[in-house]
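Colleague: How does the following fold in three dimensions:
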Amino acid sequence: MLGLARSGEAAALVLARRGAAVVGVDRDRGIDAGRLRSAGVEVRLGADADVSLLEGVEVLVKSPGVRREAPLVEAARHLGVPVWSEIELGARLVAQPTVGVTGTNGKTTTSELLGAIFRAAGRPAAVCGNVGRPLCALDGTLRDDEAVVCELSSFQLEDVETLRCRVAVLLNVTLDHLDRHADFASYRDAKLRIFENQRSEDVAVVPRGFESGPGGLPGGGRRVEFAADDPLPAEPLIRGEHNTENAAAAAAAARAAGIPDEAIAEALRTFPGVPHRLERIREIDRVLFVNDSKATNPESAERALRSYDPGSLRVIMGGSRKGSSFAELARVANEQRVVRVYLIGETADEIATALAGADVAHVGCGNLDAAVRRAHAESQPGEVVLLSPACASFDQFRDFEHRGERFRELVEAL
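Modeller: Below is the predicted model:
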């Protein structure tokens, strides 16, 4: 098991419980491996390039955070050792997803909304995958009638073989993760693998007019389309046109899974959204603070900006690089008359250049603490202070959740 963070630990534990001899490997020497060792997993820290570890190995399971170019991964392929993602292992040992959801933006919201729809119909549902519980962590917990809704990233999908989602949803594909994928075509192809093992009785849910390239969608699933202007059985509680589109995708997927419109309507009216996605934190002197830390690319941040009235926003942006352009984000910031952008992280200078070209006021703050303090000091009643970074978080935080939690702490302390 290469990579022992959340999903890697879950995969190693399920294998150990089932009697396999497991070697857990991670380059981080400080990782807490107590649970793994207690379960009988042989743990090797700082040994992620030791090719001798592959002797006698039947399969290498790879965490999504591990690159395909990692020495052990390349060596495994050279030796003919199968390389699986944690999702592939979970699909083989735990459960094939009832619904799989992928896309550049909106995956978590749509997945959690689908879970709420299943539960509104009286059917238990486990939501797992890219954010939250790994699929492998469901081992031994599922009821016979329980639906599995699995959020799937390109990093998870690039190493699947047998994964078959009875309903597979593609929300959108925009330029992202060029720090990991060779080019946009490679990224897009990884997303489309969600469809490749579908059969004629399965359903492939895609945006209206989606062009899948030569040969059409992979697999044999029946194509169903959705769009933001689809009629819905109820108005969604969550705000923003992008969330209306997510709701349309969830409704199409739920109908394909046999859920009646009455249950879909109930969930749409009551689903409040998920943490770190346009999450209202608190209001101070009529200034609203909103956590959108999951906006880890420019397109997601653009959608967030368009969710509020023009002239009302002060936005905190910046983080670690993913190879994205910020030109269109700057144009949208100008269009929405953003009052000021507070820049943090290693991309601050790149975003500043784009904002200057679009005549958007901005200031460098260095880190999130300073940005929150300054935005609070300068804000006026009726405005919104929005954390929507448009970047990954790894320059200053463990992940986007850590960044969002720190934002919440800072706002609560004001």
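Colleague: Please, where are all the helices along the stretch 1-150 of the chain?
Modeller: Secondary structure of the stretch 1-150 of the chain by DSSP state H, counting those that start in this stretch: the helices cover 6-17, 34-38, 71-79, 86-93, 107-120.
Colleague: would TSV of those with mean pLDDT, distance to residue 205 and mean neighbour count be doable?
Modeller: Where you see a C-beta, it was placed from the backbone N, CA and C, and this is true even at glycine. Conversion of these to TSV gives the following (pLDDT from 0 to 100; distance: least, Cβ to Cβ, whole Å; neighbours: other Cβ atoms under 10 Å):
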stretch	mean pLDDT	distance to residue 205	mean neighbour count
helix 6-17	97	25	24
helix 34-38	96	37	13
helix 71-79	96	31	16
helix 86-93	97	19	24
helix 107-120	97	10	25
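Colleague: can you redo the ones you listed as TSV with distance to residue 292?
Modeller: Shown next, in TSV, are these (distance: least, Cβ to Cβ, whole Å):
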stretch	distance to residue 292
helix 6-17	22
helix 34-38	33
helix 71-79	33
helix 86-93	26
helix 107-120	11
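Colleague: so which of these comes closest to residue 323?
Modeller: Residue 323 lies closest to helix 107-120 among those, at 19.8 Å (Cβ to Cβ).
Colleague: Can you tell me which helices and strands the closest one packs against?
Modeller: Counting contacts by 3 or more Cβ pairs under 8 Å, 6 or more residues apart in numbering; DSSP states H and E, helix 107-120 packs against strand 99-102, strand 125-129, strand 147-151, helix 241-256, helix 261-270.
Colleague: Out of these, indicate the one that is most buried.
Modeller: Stretch with highest mean neighbour count among the helices and strands packed on helix 107-120: strand 99-102 (a mean of 31; mean count of other Cβ atoms under 10 Å).
Colleague: quick one: contacts of that one?
Modeller: By Cβ atoms under 8 Å, 6 or more residues apart in numbering, the residues outside strand 99-102 that reach it are 107, 110-111, 114, 129, 147-154, 157, 163, 165-171, 191, 194, 249, 253, 257.
Colleague: repeat that with 7 Å
Modeller: Residues from elsewhere that reach strand 99-102, judged by Cβ atoms under 7 Å, 6 or more residues apart in numbering: 107, 110-111, 114, 149-152, 157, 165, 167-171, 191, 194, 253, 257.
Colleague: go on, stretch 319-332?
Modeller: For stretch 319-332, the surrounding residues in contact (Cβ under 7 Å, 6+ apart) are 175-179, 297-298, 301-302, 305-306, 345-347, 350-351, 354-355, 357-358, 360, 389-395.
Colleague: Among those residues, name the buried ones.
Modeller: 175-177, 297-298, 301-302, 305, 345, 347, 350-351, 354-355, 358, 360, 389-395 (16 or more other Cβ atoms under 10 Å).
Colleague: Tell me which of those residues fall in strands.
Modeller: Per DSSP state E, strands hold no members of the buried ones among the contacts of stretch 319-332.
Colleague: In helices, which of the residues you listed fall?
Modeller: 298, 301-302, 305, 350-351, 354-355 (DSSP state H).
Colleague: Pick out the most distant pair among the residues you listed.
Modeller: Greatest spatial distance among these (Cβ to Cβ): 305 and 350, at 17.8 Å.
Colleague: And residue 255, what's its pLDDT?
Modeller: Looking at residue 255, its pLDDT is 98.
Colleague: measure it to residue 167 for me?
Modeller: Distance, residue 255 to residue 167, using Cβ to Cβ, to the nearest Å: 9 Å.
Colleague: How about residue 229?
Modeller: Note on residue 229: its distance to residue 167, by Cβ to Cβ, is 22 Å.
Colleague: ditto for residue 276
Modeller: 25 Å.
Colleague: Equivalent analysis for residue 83, please.
Modeller: In terms of Cβ to Cβ, residue 83 sits 27 Å off from residue 167.
Colleague: more crowded one of the two?
Modeller: Between residue 83 and residue 167, counted using other Cβ atoms under 10 Å, the more crowded position is residue 167 (26 against 20).
Colleague: Any idea what the more buried one is bridged to?
Modeller: Counting by DSSP bridges, residue 167 forms beta bridges with residue 99, residue 203.
Colleague: And the pLDDT at it?
Modeller: Among the per-residue scores, residue 167 holds a pLDDT of 98.
Colleague: cool, residue 60 as well?
Modeller: pLDDT, residue 60: 98.
Colleague: can you check the one 5 residues further on too?
Modeller: Reported pLDDT at residue 65 in the predicted model: 87.
Colleague: swap in the one 5 residues further on?
Modeller: As predicted, residue 70 sits at a pLDDT of 92.
Colleague: Was I right to think residue 6 contacts residue 134?
Modeller: Yes - counting by Cβ atoms under 7 Å, residue 6 does reach residue 134; the two are 6.1 Å apart.
Colleague: Residues contacting stretch 257-269, please?
Modeller: The contact list for stretch 257-269, computed with Cβ under 7 Å, 6+ apart, reads 98-99, 113, 116-118, 120-121, 167, 232-237, 247, 251, 254.
Colleague: okay, now the closest residue to residue 397 other than its chain neighbours: neighbour count?
Modeller: Closest residue in space to residue 397, ignoring its immediate chain neighbours: residue 403 at 4.2 Å, by Cβ to Cβ, 6 or more residues apart in numbering. Neighbourhood size, residue 403 [other Cβ under 10 Å]: 28.
Colleague: Next, the contact list for residue 403, please.
Modeller: Residue 403 sits next to 293, 368, 393, 397 when contact means Cβ under 7 Å, 6+ apart.
Colleague: Helices - which of these land there?
Modeller: Those of these mapping onto helices are residue 368, per DSSP H.
Colleague: okay, the contacts of residue 403 in a markdown table with pLDDT next?
Modeller: Compiled in a markdown table, the contacts of residue 403 are given as follows (pLDDT from 0 to 100):
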| residue | pLDDT |
| --- | --- |
| 293 | 97 |
| 368 | 98 |
| 393 | 96 |
| 397 | 97 |
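Colleague: Can you select the buried ones from the contacts of residue 403 in ChimeraX?
Modeller: With 16+ other Cβ under 10 Å as the criterion, this ChimeraX line picks the buried residues out of the contacts of residue 403:
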select :293,368,393,397
